[in-house]
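Trainee: Give me the fold of what follows.
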Amino acid sequence: MKSSSSFLKDGEALRHRVTRDDLKNLPNEKEKLCILTLNTWTDPHLLPERMEAVCKTIKKEQCDIVVLQEVFSSGAHDTLEKELSAEYHIYRADHRTADLQVSWWGSLVPAALSFVLSALADAAGHGWLATLFTVLAALLIPWLFIRVVEATFLRQLHQKAFGTPARYWDWMALVVLLRKEKFLEGELEVRRPFAKPAYPYPTSLQGLPFYWFQMSFLRPGFMVLECRGKSQDVTVAACHCVIGDYQNTANPGRKIQIEELLFELNNAAPDGNFAVLAGDFNAGSDQPELSLLRELGWVDAVEAHCASHHGGDSTAFRTWEAKNPYTRLTVPTEPDDRIDYCFLKLPPAGSSNQVTIQTAKLIGNKEPFLSDHYGVLVEVEAEVSGGGALRGGGGGKRAPSRNKSS
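Mentor: As a prediction, this is how the structure comes out:
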């Protein structure tokens, strides 16, 4: 009779043979992945109802990877938690007021100018005017100004929309959802605002205050996650790029933002890994930053779908349209265009985990509208080698996930 140690050694050898020799030679299986990107529109107009409708749409479409933009308030985050946390891992940019840093020295100009005017008024003997300018100067110091805005104007908007005070604001307002049925966890590699906000210069004096607010406090940015799937790993990047010049979608600064994102994405994504880059690019399909992505091998999923189903015409996939009544409440002068995208970095030809684009469609482009943007939903089919999780999608140990909301 064999000893227990002999049986243990035989078992280890058998397990090794099954893992290395048998399972890797099993025929490939196919797995569908549904990817959605949607700018949820931070405007308080019907926001609780719209966020609930977004959650219902995500569940109805059985989305596996969801990239959301403009999830700004704690009330919007609470809705996602309540409706989706049982089925989805939720990852947030979580860039709160305490994280805001003055990286643009123009932020200090209004306060400095008010201090100068206070001194001039005092020298001229107008004490009341000097006091007024001193108070104004203090209020315009960026760190104090944004807290006053949050405690008054934004608090009132949130109270009106959700019936409760806001607990916090996420100034990057990005969220990534991973369906638990397909993904074990996500590892947040990087989340930060773009180094260059690059908001377009105002065309009139009336636009200066808003330009100051944009450059001082709004935070277009990105997130990159390594997502550990039950069948295969996926690198997911979410972004919200800067707007164009209000008359069209052009903005030279946006190409710099995309280059910054790609640098971080290349560092995070293993070679040959399937990767998703999705979000509100605020760029028409002819803009140079999108041409850069295509040149580097990123596939515009809608463009690829239209090439085989719509004769190459993607006008039916415009995500910003004047017929959407919500666009008239935001930037009514912006032309109809496709500005929201899902780009895919497909595994190299001949690899065991091929990915093919099956279909693409718009979400929220009919009444009742979800947002001032339409969402883009893409379905892909991925070949999973017979080893399944024993290959890239689940083999090996990983550090515990961090910066995860649920």
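Trainee: residue ranges for the strands of the stretch 251-400 of the chain, please.
Mentor: With DSSP state E, counting those that start in this stretch applied, the stretch 251-400 of the chain shows strands at 274-280, 299-300, 340-345, 355-363, 375-384, listed in chain order.
Trainee: So which elements touch the top helix by length along the chain?
Mentor: With DSSP state H applied, the helix covering the greatest number of residues in the chain is identified as helix 252-268. Identification of packing neighbours for helix 252-268 by 3 or more Cβ pairs under 8 Å, 6 or more residues apart in numbering; DSSP states H and E yields strand 183-193, strand 221-229, strand 234-240, strand 274-280, helix 288-295. In short, each C-beta sits where N, CA and C put it, glycine included.
Trainee: got the contact list for residue 240?
Mentor: Residues in contact with residue 240, defined by Cβ atoms under 8 Å, 6 or more residues apart in numbering, are 39, 69, 70, 172, 173, 174, 220, 221, 222, 279, 280, 282.
Trainee: Could you pull up phi and psi at residue 44?
Mentor: When read as degrees, to the nearest 10, the backbone of residue 44 gives phi -70, psi -10.
Trainee: okay, it: pLDDT?
Mentor: Looking at residue 44, its pLDDT is 94.
Trainee: Only alpha carbons, please: show stretch 218-228 as PDB.
Mentor: Extracted C-alpha coordinates of stretch 218-228, given in PDB (Å, rounded to 0.1, in the frame of the first residue of the first chain):
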ATOM      1  CA  LEU A 218     -13.600  71.500 -13.400                       C
ATOM      2  CA  ARG A 219     -11.500  68.400 -13.800                       C
ATOM      3  CA  PRO A 220     -11.600  66.400 -17.100                       C
ATOM      4  CA  GLY A 221      -9.600  63.300 -16.400                       C
ATOM      5  CA  PHE A 222      -9.300  59.500 -16.700                       C
ATOM      6  CA  MET A 223      -9.200  56.200 -14.900                       C
ATOM      7  CA  VAL A 224      -7.400  53.000 -15.800                       C
ATOM      8  CA  LEU A 225      -8.300  49.600 -14.300                       C
ATOM      9  CA  GLU A 226      -6.900  46.100 -14.700                       C
ATOM     10  CA  CYS A 227     -10.000  43.900 -14.500                       C
ATOM     11  CA  ARG A 228      -9.700  40.300 -13.500                       C
END
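Trainee: After the helix or strand of the chain with the lowest mean pLDDT, which helix or strand is next? Please name it.
Mentor: Of all the helices and strands that make up the chain, the one with the lowest confidence by mean pLDDT, DSSP states H and E is helix 4-17; it has a mean of 44. In the C-terminal direction, the helix or strand that comes right after helix 4-17 (DSSP states H and E) is strand 29-39.
Trainee: Run through the stretch 251-400 of the chain and note the low-pLDDT ranges.
Mentor: The stretch 251-400 of the chain contains residues with pLDDT under 70 at 270-271, 350-352, 385-400.
Trainee: excluding its backbone neighbours, what's nearest the residue sitting nearest the centre point of the chain?
Mentor: Of all residues in the chain, the one closest to the mean position by Cα atoms, centre = their mean is residue 238, 3.5 Å from it. In space, not counting the residues next to it along the chain, residue 238 is nearest to residue 67; the distance is 4.3 Å by Cβ to Cβ, 6 or more residues apart in numbering.
Trainee: mind saving the C-alpha coords of the strand or helix carrying that neighbour as PDB?
Mentor: Here residue 67 sits within strand 65-69, counting by DSSP H and E. The C-alpha trace of strand 65-69 is given here as PDB (Å, rounded to 0.1, in the frame of the first residue of the first chain):
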ATOM      1  CA  ILE A  65     -18.400  46.800 -18.600                       C
ATOM      2  CA  VAL A  66     -20.000  50.300 -18.000                       C
ATOM      3  CA  VAL A  67     -18.100  53.600 -18.200                       C
ATOM      4  CA  LEU A  68     -20.100  56.600 -16.900                       C
ATOM      5  CA  GLN A  69     -19.300  60.300 -16.900                       C
END
